[in-house]
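1. Give me coordinates for this.
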Amino acid sequence: MCRPVVGPVAPCMVSLFGPLRLGGTERRAVLDEHRGLNLLVVCAANVCRSPLAEYLLAKGVESLPEFEGHSVSSAGGTAQAGSGICVRVGERLGVDGADFAAAHRSRMLTIDEVRRSGLVLTASKAERAAVARLDPSARSRTFTLREAASLAAAGPVGIPDPTIDRPLEAFAAVIHARRGLTAPPPREAKQGFFRRSKRTPVGDPLDIADGHVLGTRPHLHTLDEVAEAVDVLIGALRASQE
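-> So this is what the prediction gives:
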């Protein structure tokens, strides 16, 4: 089981160009003003897969002019609020991500955050279903990380509708239109201890498994899969702005 970093509870939301605070009597106005300008990442506990993707996505899009004013956040479908980030994720982020790792505290997924997000990416189909239960209207802009990466890699990501003027919503519309027309992403199978030369399929091709309960090697493989999916998505987002 992964050990969280111990520290004071300090809720954190990463924005590409500064924190986006939602609180007080201005909360509803802020939600309306920023509707569609957030990229939300969801896993179960919000201590490993989703915060890693949050950090990598924020770093990846911060140099894209079209995303100025956007934010990236993460939450957990079954999170216990206030837990620190996974130790292995902290190690993966290194010195550059040390401040983010120290500040991150897990948060429960809320319907308000789903509604203000132009694109929702989940670790697995279980969290994708949880998002849809909270807000059925979000189905068309909610994908697993591996699903979104596979759909984005299927071809150029252009603007399908000139009336969609927000890049996250436009991106979601393109890849949603490809659902059912693209094969599931291939999965590099895990090798067993006595089967070093043979690969066998493991897990749902759309999911990134929770590696915490599977041991060190699968845990590290989980982090690799998150990073690989983010790399594909950032490449597609960058290409869509060229």
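
2. Now name the helix or strand holding A75.
-> strand 71-76 (DSSP states H and E).

3. Moving along the chain from that strand, name the first helix or strand you hit.
-> helix 87-93.

4. got the CA coordinates for that next one in CSV?
-> Extracted in CSV, the C-alpha atoms of helix 87-93 (Å, rounded to 0.1, in the frame of the first residue of the first chain):
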residue,chain,number,x,y,z
VAL,A,87,5.4,8.8,-2.0
ARG,A,88,6.3,7.3,-5.4
VAL,A,89,4.6,10.2,-7.3
GLY,A,90,6.6,12.6,-5.1
GLU,A,91,9.7,10.8,-6.1
ARG,A,92,8.7,10.8,-9.8
LEU,A,93,8.1,14.5,-9.8
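
5. low pLDDT regions in this protein?
-> 1-35, 157-164, 187-202 (pLDDT under 70).

6. Roughly how far does the residue most central in space within it sit from R49?
-> Nearest to the mean C-alpha position of the chain, by Cα atoms, centre = their mean, lies V41 at 3.1 Å. To R49, V41 is 8 Å away according to Cβ to Cβ, to the nearest Å. Quick note: C-beta positions are derived from backbone N, CA and C, even for glycine.

7. and if you look at P205?
-> Counting by Cβ to Cβ - P205 and R49 are separated by 16 Å.

8. Tell me which of the two has more neighbours.
-> R49 (31 against 15; other Cβ atoms under 10 Å).

9. related to what we said a few turns ago, now do the SS call for the residue nearest to the centre of the chain.
-> Three-state call for V41 (DSSP: H, G, I helix; E, B strand; the rest coil): strand.

10. so how far is the host helix or strand of A53 off the chain centroid?
-> Assigned by DSSP H and E, A53 falls within helix 49-61. How far helix 49-61 lies from its chain's middle: 7 Å, per Cα atoms, centre = their mean, to the nearest Å.

11. ok, and what's touching that helix?
-> 14-16, 39, 41-43, 67, 70, 72-76, 85-86, 89, 92-93, 97, 100, 104, 121, 123, 145, 208, 210, 222-223, 226-227, 229-231, 233-234, 237 (Cβ atoms under 8 Å, 6 or more residues apart in numbering).

12. ok, longest helix in the chain?
-> Secondary structure of the chain per DSSP state H: the longest helix is helix 216-240.
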